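Undergrad: build me a model from this:
(chains A and B)
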Amino acid sequence: MAEVDRRALPRPEIEEDSCKGCGRCAAACPRKCLRLKATMNRMGIKPVEYRGEGCIGCGICFYNCPEPYAIKVVKA
Amino acid sequence: MKTIEQKGMYPEFPRCGKEHARTTHYCPGCGHGIVNKLVAEACAELGLQDRTIFVDPVGCGVFTYYYWDAAHVSAAHGRASAAATGISRARPDAVTIAYQGDGDLGAIGFNNAFQAASRGEKFGCIFINNSLYGMTGGQMAPTTLEGEKTTTTPFGRDPALTGHPLHVCEVFNQLQAPVYIARVSVADTKRIMQCKLAIKRLFEIQRDHKGYAFLEILAPCPTNFGMNPLKAAEFCMREMEKEFPLKTFRDETLVHDEVVQGMPVKPDVIASEYLAVKPVPQFKDCMALFGMPDGTEAPMAEDDPSVPERRFKFAGYGGQGILSLGICVAEAARLEKRHALWFPSYGPEQRGGSANCSVVYSGMPIGSPTVEHPDVLVCMNRPSYDRFVGDVKKGGVVIVDSTVGEVAPPPEGVRLIKVPAIELAEKFGVPKAANTMMLAALRKYKVTGIDDKDLETALVASFKKKPQLVDKNRDLLRRAEATFK
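TA: As a prediction, the model looks like this:
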């Protein structure tokens, strides 16, 4: 199989310090490619992180997130 | 490159300093947050930002003027519909949207909203129903479900005493004038997408000046339900939708009713405990809420001029147990028959924002509960340390959680103690018990002037409602204390 350029794939971009760690995006993600991080952000909250693969760019995480700037989805 | 991101909001919110410039004041998992995003997006996507005037409520939604990039007017509590009436009449070209909660619209402002709907005023009303008063601490609202526990119905809402839930959409649906009435939810992805369409519809109706539109949105309130965000969303779907079915009650502007269809309710799985109605409480049951773990009454304060006033400040981010820790210390002082006051200070958010509380105890009656210059400062995060460390009295003590990292030294004559409270709590497998670890530190370093035994009794008393956690926390307290040098 040909090498895949990861930068061309859709992916969520997370602003860690804006995430409040509610976990709604992770639960709603149809591909389960988000999880809560083991380490804390500046506010003392464990933010969500991208597992690194699996994102299909559907934007469900963005719409489930109560915060405007915690997560966005970049499509190729 | 296409990006799915927030539209229609200011890039920074000058609400609470730089620390919170990119976050809202809502708790983690709040329904308001999701609705706020959809409203801003709909407004921006329809190109109505320069024409829209939002009328903001009093309640959790109060700060929308910091978020939505459009014009705003803040109304008095419950009066958003009245203010919107005036605005929509004075500025007929504007798109006027009132944003109200269920305490705001359903209780104090019901008549304002109802009469505006009855007159068919030319504005849209977004009504957030989370079944209780959120901002003030989870009191019963007219929309509270039967049997639902709130701070003012601690034994569950009893219809014999406080009536049945108010179905605002159904009531409004009796009126002639409204052109659009619907109820949607933001509990899961499918519902959020339906909500998005419904909000867009509301804006379109106002853009075209078709008449009064009313949209009720069921929103989870994890903090006041006492559930995590996912359970709260589930409660919203399973329980709230039984009482408040999702439906488009009326849409006289639409040929095909495809926006919101009523959805079948899934069988009851969760929250049976949350909804169980208990027998009508007696006076002694109510007193037990304030008394000692064994059911007896707490001792009354006795005057003792030899005990000087001692002031404490506890600070951190909401949800870390800061306020509970303060209560614990105040209760311990009360056990020693001291005059004691506990005074919380937090923003409208119950979790996620900065929170702090002041505790004062003294042998003599206390003049003021506020603490400007504490003898003891306890900080659970970095912003709290930076904010309060300069206020500590000479000879005082500052206890900080070691996750703050390298910090500026405290003022001269103030002792700084770093305690790995969060780390220890995680090591012991109870991450929520970081405040118990802090209590252990307070006890170990003898900074409270309160007897060790009373601090422990107060800790036990604080878990009165969760007896299964008593032994665990007592054990954690001792284990933590043993690790401190």
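
Undergrad: drop to CA atoms for contacts and neighbour counts, all remaining ones
TA: Fine.

Undergrad: what about residue B:460, distance to residue B:468?
TA: With distances taken as CA to CA, to the nearest Å, residue B:460 is found 11 Å from residue B:468.

Undergrad: oh, that last question was meant for residue B:7, not what I typed.
TA: Taking CA to CA as the measure, residue B:7 and residue B:468 are separated by 47 Å.

Undergrad: sorry, back to before: looking at residue B:460 and residue B:468, which is more packed in?
TA: A side-by-side neighbour count of residue B:460 and residue B:468, using other CA atoms under 10 Å in any protein chain shown, places residue B:460 first with 21 against 10.

Undergrad: neighbours of residue 42, just the number please.
TA: Just going to use chain A. For residue A:42, using other CA under 10 Å, the count is 16.

Undergrad: my bad, chain B
TA: Using other CA under 10 Å, residue B:42 has 24 neighbouring residues.

Undergrad: same question, residue B:107
TA: Residue neighbour count, defined by other CA under 10 Å, stands at 16 for residue B:107.

Undergrad: who's in contact with the residue in chain A that chain B sits nearest to?
TA: The minimum distance from chain A to chain B, using CA to the nearest CA, falls at residue A:66 (4.0 Å). Taking CA atoms under 8 Å, 6 or more residues apart in numbering or on different chains as the criterion, residue A:66 is in contact with B:26, B:28-35, B:37.

Undergrad: can you tell me which of those residues are up against chain A?
TA: With CA under 8 Å from any CA of the partner chain as the criterion, the contacts of residue A:66 include B:26, B:28-35, B:37 near chain A.

Undergrad: is it possible to get JSON lines of those that adds pLDDT?
TA: Rendered in JSON lines, the data for the ones next to chain A among the contacts of residue A:66 read as follows (pLDDT from 0 to 100):
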{"residue": "B:26", "pLDDT": "93"}
{"residue": "B:28", "pLDDT": "94"}
{"residue": "B:29", "pLDDT": "94"}
{"residue": "B:30", "pLDDT": "95"}
{"residue": "B:31", "pLDDT": "96"}
{"residue": "B:32", "pLDDT": "96"}
{"residue": "B:33", "pLDDT": "96"}
{"residue": "B:34", "pLDDT": "97"}
{"residue": "B:35", "pLDDT": "97"}
{"residue": "B:37", "pLDDT": "97"}
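
Undergrad: nearest to residue A:15, of the residues you listed?
TA: Closest approach between the ones next to chain A among the contacts of residue A:66 and residue A:15, by CA to CA: residue B:28, at 14.9 Å.

Undergrad: can you get me a residue count around the closest one?
TA: 27.

Undergrad: so it: helix, strand or coil?
TA: Assigned by DSSP: H, G, I helix; E, B strand; the rest coil, the conformation of residue B:28 is coil.

Undergrad: swap in the one 5 residues further on?
TA: Secondary structure of residue B:33, reduced to three states by three-state DSSP: helix.

Undergrad: might one say that it is in contact with residue B:26?
TA: Yes. Judged on CA atoms under 8 Å, residue B:33 makes contact with residue B:26 at a distance of 6.3 Å.

Undergrad: these two: who's more crowded?
TA: Comparing residue B:33 with residue B:26 by other CA under 10 Å, the one with more neighbours is residue B:26, at 26 against 23.

Undergrad: test my guess that that one contacts residue B:34.
TA: No. Applying CA under 8 Å, one finds residue B:26 not in contact with residue B:34, separated by 9.9 Å.

Undergrad: got the contact list for residue B:186?
TA: Applying CA under 8 Å, 6+ apart to residue B:186 gives the contacts B:31, B:34-35, B:192, B:195, B:217-220, B:233.

Undergrad: give me every residue that touches residue B:195.
TA: Going by CA under 8 Å, 6+ apart, the list of residues near residue B:195 reads B:184-186, B:217, B:260.

Undergrad: next one: residue B:446 from chain A, what distance?
TA: According to CA to the nearest CA, to the nearest Å, residue B:446 and chain A sit 27 Å apart.

Undergrad: just the residues contacting the one helix or strand residue B:97 maps to, thanks.
TA: For residue B:97, the host element (DSSP states H and E) is strand B:95-101. Residues from elsewhere that reach strand B:95-101 (CA under 8 Å, 6+ apart): B:48, B:51-61, B:78, B:80-81, B:84, B:87-88, B:122-130, B:203, B:206-207.

Undergrad: follow-up on the earlier one: TSV please, covering the contacts of residue B:195 and showing pLDDT, distance to residue B:74 and secondary structure.
TA: TSV is the format used below for the contacts of residue B:195 (pLDDT from 0 to 100; distance: CA to CA, whole Å; DSSP: H, G, I helix; E, B strand; the rest coil):
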residue	pLDDT	distance to residue B:74	secondary structure
B:184	96	25	strand
B:185	96	25	strand
B:186	96	25	coil
B:217	97	21	strand
B:260	38	30	coil
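
Undergrad: buried ones from those, can you make that a ChimeraX selection?
TA: Command for ChimeraX, covering only those of those found buried under the criterion 16 or more other CA atoms under 10 Å in any protein chain shown:
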select /B:184,185,186,217,260
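
Undergrad: just give me the closest of the contacts of residue B:195 to residue B:384.
TA: Lowest distance from residue B:384 to the contacts of residue B:195 (CA to CA) belongs to residue B:186, with 33.2 Å.

Undergrad: what residues does chain A have near chain B?
TA: Checking chain A against chain B by CA under 8 Å from any CA, the hits are A:18-24, A:27-28, A:42-44, A:59-60, A:62-76.

Undergrad: hmm, which of the residues you listed are the buried ones?
TA: Among the residues of chain A next to chain B, the ones that count as buried by 16+ other CA under 10 Å are A:18-24, A:27-28, A:42-44, A:59-60, A:62-75.

Undergrad: among these, name the ones in strands.
TA: Counting by DSSP state E, these place A:71-75 in strands.

Undergrad: now those residues in JSON lines, with pLDDT?
TA: Output for those, formatted as JSON lines (pLDDT from 0 to 100):
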{"residue": "A:71", "pLDDT": "96"}
{"residue": "A:72", "pLDDT": "95"}
{"residue": "A:73", "pLDDT": "95"}
{"residue": "A:74", "pLDDT": "93"}
{"residue": "A:75", "pLDDT": "86"}
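
Undergrad: out of these, which one sits closest to residue B:313?
TA: Closest approach between these and residue B:313, by CA to CA: residue A:71, at 34.3 Å.

Undergrad: quick one: that closest one and residue A:61 touch, right?
TA: Yes. Between residue A:71 and residue A:61 there is a contact under CA under 8 Å: 7.4 Å.

Undergrad: quickly list what's touching both of the two.
TA: By CA under 8 Å, 6+ apart, no residue touches both residue A:71 and residue A:61.

Undergrad: with adjacent residues omitted, what lies nearest to residue B:221?
TA: residue B:30 (5.6 Å; CA to CA, 6 or more residues apart in numbering or on different chains).

Undergrad: check residue B:89 too.
TA: With CA to CA, 6+ apart as the criterion, residue B:89 has its nearest non-adjacent residue at 7.7 Å, and that residue is residue B:122.

Undergrad: host element of the one you found?
TA: Judged by DSSP H and E, residue B:122 forms part of no helix or strand.

Undergrad: that one reaches residue B:210, doesn't it?
TA: Yes. Using CA under 8 Å, residue B:122 is in contact with residue B:210, at 7.3 Å.

Undergrad: between these two, tell me which one has more neighbours.
TA: Between residue B:122 and residue B:210, counted using other CA under 10 Å, the more crowded position is residue B:122 (28 against 18).

Undergrad: so what's the residue of the stretch 101-250 of chain B found nearest chain A up against?
TA: At 6.0 Å from chain A, residue B:229 is the closest residue in the stretch 101-250 of chain B, using CA to the nearest CA. Each residue near residue B:229 by CA under 8 Å, 6+ apart is listed here: A:22-24, B:28-30, B:220-222.

Undergrad: need phi/psi at it.
TA: Backbone geometry at residue B:229, expressed as degrees, to the nearest 10, gives phi -60, psi -30.
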